[in-house]
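Q: pasting the structure only:
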């Protein structure tokens, strides 16, 4: 009878040891996930400055505050110093600007459009493009300038 007790005890201990060998590992290796996140961070840091509209202009400077951006990317029309007009990054002939904008406006929720004009361009050219934008159905036109320009103040005597 004493021998039977020994067998049960030794068999039970073997089962416990054998069961622990096949237990699931409860640790998670996060090193690959951290590596991927760091690579994505570097990619977005490099790509973010390149996501702006790429028509080089010398924008007039003003003391106005920046306009808050929205969820939808606003349309941007740029007038270069030589008078060429660009819609986003592609150059558009003057006669086609209104028709292209009307086609685009059917697909968009917002009628907001940014107008960028080189500081060397005449005021009448800017107003002509604004009129074309308005006739295409865009009444919410934002003029884009560089910040940090001269600030007009009222005369001290008034």
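A: That came through fine. Keep in mind that what you see is a predicted model, and the values were worked out from it rather than measured. Numbering: from 1, shown residues only.

Q: can you tell me how far residue 93 sits from residue 33?
A: Distance, residue 93 to residue 33, using CB to CB, to the nearest Å: 50 Å. (Glycine included, C-beta is placed from N, CA and C.)

Q: Please enumerate the helices of the protein.
A: Listed from the start of the chain, the chain has helices (DSSP state H) covering 2-21, 31-47, 97-105, 123-135.

Q: if you average pLDDT over the longest one, what comes out?
A: Put plainly, it is helix 2-21. Confidence for helix 2-21, expressed as mean pLDDT, is 50.

Q: low pLDDT regions in this structure?
A: For the chain, the stretches flagged by pLDDT under 70 are 1-23, 50-57, 59, 62-72, 147-158.

Q: now with 80?
A: 1-26, 48-74, 94-95, 105-111, 136-138, 145-158 (pLDDT under 80).

Q: OK, contacts around residue 99?
A: For residue 99, the contact set (CB atoms under 8 Å, 6 or more residues apart in numbering) is empty.

Q: Next one: it relative to residue 84, how far apart?
A: Plainly put, residue 99 is 18 Å away from residue 84 if you go by CB to CB.

Q: Okay then, goodbye and thanks.
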